[in-house]
Every structure is written in structure tokens, then in C-alpha cells.
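In: predicted model, plus sequence, below.
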Amino acid sequence: MATNSIKLLASDTHRGLAELVSSRATLSRLGLKLTNVDIKRDSNTEVSFSIKESIRDEDIYIIMQIGSGVVNDKVLELLIMINACKTASARRITAVLPNFPYARQDRKDKSRAPITAKLMADMLTTAGCDHVITMDLHASQIQGFFDVPVDNLYAEPSVVRYIKENIDVSEAIIISPDAGGAKRAAGLADRLDLNFALIHKERARANEVSRMVLVGDVTDKICIIVDDMADTCGTLAKAAEVLLDNGAKSVIAIVTHGVLSGNAIQNINNSKLDRVVCTNTVPFEEKRSKCPKLDTVDVSGVLAESIRRLHNGESISYLFRNTPL
């Protein structure tokens with residue numbers, strides 16, 4: 001395979017994950033570096049974007065971390081980058097979005113509410129996107145919103161490796177923080193041959209939990225709470241209290257997308273959680289300096305291998321159960 005048949009693009013902000021992806025063995029041995037681009041922001045915040053080398057008939061992968069900071073600005077920046085590649089005669093454009101924006105707005109849950117995840121899908125395809133790679137979609141049916149292929153990767157294999165390397169599995173139990181995550185918790189528990197328990201929560205209003213009830217026995221266990229997203233972390237903090245009140249030895253939270261917005265860092269620091277582990281699908285390097293309880297699971301290897309396999313026309317189903325070396 002010729003190395004000039006594939007290009008990696010990234011924004012000028014939050015390039016950490018993109019640089020890690022390009023440096024992974026599966027891509028670095030091809031000599032792939034991030035393509036030189038120029039992004040300027042005018043005084044009225046309009047984005048001016050240009051690519052500093054030819055991408056005609058190239059296979060383009062745009063790696064964009066969306067989920068922290070000003071999300072809407074990053075979404076528009078992504079659309080501009082896709083459209084620029086389209087008008088520059090790229091052969092195929094793949095958006096690598098580890099954390100898919102607006103994934104929680106996947107259904108009409110009340111009158112006159114938008115299904116914004118569908119709008120995101122329409123905007124990406126209209127801009128010129130031919131393929132999407134994402135990870136741990138909040139709702140898997142979002143794949144059906146697209147008219148182009150979507151590959152939804154899973155963080156579970158990387159989480160399994162982290163747990164085996166950093167936690168005493170013989171004393172652990174998997175916890176789902178709500179009924180919706182029971183399937184995820186059960187799958188992880190099966191992989192590790194562990195029991196799992198469930199926390200039933202009742203919400204007074206959005207992002208505010210009024211009461212939590214534990215279903216299961218956690219006495220003298222290391223409780224591992226697993227979820228797809230941590231936003232304000234109020235639920236995780238309350239769940240830790242419930243588990244410790246029911247005899248748990250310690251509580252660790254492992255989430256795929258560490259959005260960590262609002263008072264999240266304060267909530268974690270003041271909580272009884274021993275550790276909050278997030279993958280690097282969302283950038284939170286600055287927040288780690290303010291919170292010693294934060295830890296990271298690197299998923300750049302999974303993304304790099306998925307790019308290599310898709311570019312070569314290989315199946316990526318291997319990555320659903322395994323982590324690349």
C-alpha cells in the first residue's frame with residue numbers, strides 16, 4: 001500500500017489524541033503524519049480553513065475530539081474541514097469522532113423536542129462525509145440515522161485490560177449506575193467472570209437524582225461503576241455513597257466519555273470515589289492537574305487499527321472483543 005494514499009487531518013486544538021493515533025505502530029510504520037493545515041479564526045469567530053498539500057484522490061481521516069469546551073464551534077469546524085476535503089477532490093472522507101456530539105438527543109422524549117442526533121447525521125453527510133468511526137454511542141440506533149456506513153467501536157476491551165492490570169479482580173464487582181446501563185455492565189461482568197449489581201435511580205429533574213436504591217450485594221467488594229458518559233459526575237458521587245453505605249470496600253468509576261462539565265471536578269474531589277477512569281475520547285488533560293483521582297485509558301491504538309483496517313478493506317469486528325498490540 002502506498003503511503004500517499006491516506007491522509008490524517010486534525011484541528012489545531014486538542015490534537016493530543018490525533019497525534020497519538022498517528023504515532024501508533026499500525027500507522028507510524030507507514031510514515032503517516034498529521035497533514036499540514038491552516039485554521040484561522042476571524043475577529044467575529046468565523047473559521048477560515050485551508051489544506052497545505054494536495055489531497056486529490058486521497059483517503060482522508062479527520063480526527064476530531066468533540067465533547068468539551070464549546071461543542072457547537074467544534075461541530076461547525078468539523079463540517080468546514082469535511083467540505084474543504086470534498087471540494088479538494090478527496091476520494092473518501094471519514095470522520096473519526098470518538099465521542100459523537102448530541103448523542104443523548106437520539107429520540108423525541110417530549111412534545112416539540114428535536115432529534116438532534118439525526119440532524120448531526122444529516123449535516124455530516126451533506127458536508128460530504130462518506131464514513132463515520134465513533135466509539136460507544138449513547139444509543140446504538142443512531143447508526144441508522146446515517147445514509148453512509150458507521151462503525152461503532154467499543155471501549156470494553158480496553159477497559160477489561162485496564163481492570164486486569166490495575167484492580168484486584170478477585171475482590172471486584174461490576175456496578176451499573178442505572179437500568180439503562182445494565183446490558184453494558186452484564187457484558188463486562190461476563191468478560192471478567194464477575195457478579196454485577198444495579199443501582200435504581202429516580203430523577204426529580206434532568207441531571208438531578210432524588211433517590212438511589214441498590215439491587216445486589218456489595219459487602220467487602222471493590223465496586224467498579226461502568227457507564228458510557230460522565231458529565232457533572234453528581235450521579236457517580238451519590239452512587240459511591242450508596243455503595244459504601246451498603247458495605248463496599250471501595251468504589252472506582254470507569255466511563256468511556258469523560259465530558260466532566262460544570263462542577264464535575266469539584267464533585268469528584270469531594271466524593272468518596274477512589275478513582276474516576278476515563279478514556280481519552282474527550283480531552284481532559286487540564287482537568288487532571290486539578291483532580292488527582294482522574295486516570296486515563298488510551299484508545300488511540302483501537303482507532304489507529306480501525307483506520308488501517310478500513311483503509312485496507314479489512315473487517316474491524318476483531319476490535320469489538322480485542323485490543324490491538
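Out: Okay, I see it.
In: isn't there a strand covering residue 296?
Out: Yes. Assigned with DSSP: H, G, I helix; E, B strand; the rest coil, residue 296 falls within a strand.
In: residue 278 is in contact with that one, correct?
Out: Yes. The criterion here is C-beta atoms under 8 Å, and residue 296 meets it with residue 278 at 6.4 Å. C-beta: built from backbone N, CA, C; applies to glycine.
In: more crowded one of the two?
Out: Of the pair residue 296 and residue 278, residue 278 is the one with more neighbours under other C-beta atoms under 10 Å, namely 24 against 14.
In: for residue 58, which non-adjacent residue is spatially closest?
Out: residue 7 (4.9 Å; C-beta to C-beta, 6 or more residues apart in numbering).
In: actually, residue 113.
Out: Per C-beta to C-beta, 6+ apart, closest to residue 113 is residue 105, 7.8 Å.
In: next up, the contacts around that neighbour.
Out: Residue 105 makes contact with 113, 114, 115, 116, 117 under the criterion C-beta atoms under 8 Å, 6 or more residues apart in numbering.
In: can you map out the helices along the chain?
Out: 16-23, 25-28, 71-87, 116-127, 156-166, 182-192, 234-245, 264-269, 285-288, 300-311 (DSSP state H).
In: closest to residue 150 out of those?
Out: Among the helices of the chain, the nearest to residue 150 by C-beta to C-beta is helix 116-127 (8.4 Å).
In: report the buried residues of that closest one.
Out: 117, 118, 120, 121, 124, 125, 127 (16 or more other C-beta atoms under 10 Å).
In: rounded mean pLDDT for that helix, please.
Out: For helix 116-127, mean pLDDT is 96.
In: and that helix, how far from the chain's centre?
Out: Taking C-alpha atoms, centre = their mean, to the nearest Å, the mean C-alpha location of helix 116-127 is offset from the chain mean by 18 Å.
In: stretch 77-84 now?
Out: On C-alpha atoms, centre = their mean, the centre of stretch 77-84 falls 20 Å from the chain's centre.
In: before we move on, the earlier item: check the residue nearest to residue 113 and give its pLDDT.
Out: For residue 105, the model assigns a pLDDT of 93.
In: quick one: residue 219 and residue 247 touch, right?
Out: Yes. Assessed by C-beta under 8 Å, residue 219 is found in contact with residue 247 at 3.8 Å.
In: so what's residue 258 up against?
Out: Here residue 258 is in contact with 230, 276, 278, 279, 281, 282, 284, 294 (C-beta under 8 Å, 6+ apart).
In: do you know the pLDDT at residue 110?
Out: pLDDT, read off for residue 110, is 87.
In: tell me the bridge partners for residue 133.
Out: For residue 133, the beta-bridge partners are residue 96, residue 151 (DSSP bridges).
In: and stretch 297-304, which residues are buried?
Out: Quick answer for stretch 297-304 (16+ other C-beta under 10 Å): 297, 299, 300, 301, 302, 303, 304.
In: same check, this time on stretch 7-18
Out: 7, 8, 9, 10, 11, 14, 17, 18.
In: and the furthest pair within those residues?
Out: 7 and 14 (19.0 Å).
In: tally of neighbours for the closest residue to residue 132 other than its chain neighbours?
Out: Leaving aside its chain neighbours, residue 132 sits nearest to residue 150 (4.6 Å; criterion: C-beta to C-beta, 6+ apart). The tally of other residues near residue 150 (other C-beta under 10 Å) stands at 20.
In: pretty sure residue 150 is touching residue 129, no?
Out: No. Using C-beta under 8 Å, residue 150 is not in contact with residue 129; the gap is 10.1 Å.
In: what residue ranges in the stretch 1-150 of the chain score low on pLDDT?
Out: 1-4, 25-26, 28-31, 68-69 (pLDDT under 70).
In: how does it look with 50?
Out: 1-3 (pLDDT under 50).
In: about what we covered before: and residue 219 and residue 247? Which one has more around it.
Out: Using other C-beta under 10 Å as the criterion, residue 219 and residue 247 rank with residue 247 on top: 12 against 9.
In: how near is the more buried one to residue 315?
Out: 45 Å (C-beta to C-beta, to the nearest Å).
In: next one: residue 156
Out: From residue 156 to residue 315 the distance is 18 Å (C-beta to C-beta).
In: which of the two has more residues huddled nearby?
Out: residue 156 (18 against 9).
In: tell me the contacts of the residue lying closest to residue 162 once chain neighbours are set aside?
Out: Using C-beta to C-beta, 6+ apart and skipping residues adjacent in sequence, the residue nearest residue 162 is residue 297, 5.0 Å away. When contacts are counted by C-beta under 8 Å, 6+ apart, residue 297 touches 155, 158, 159, 162, 254, 277, 278, 279, 280.
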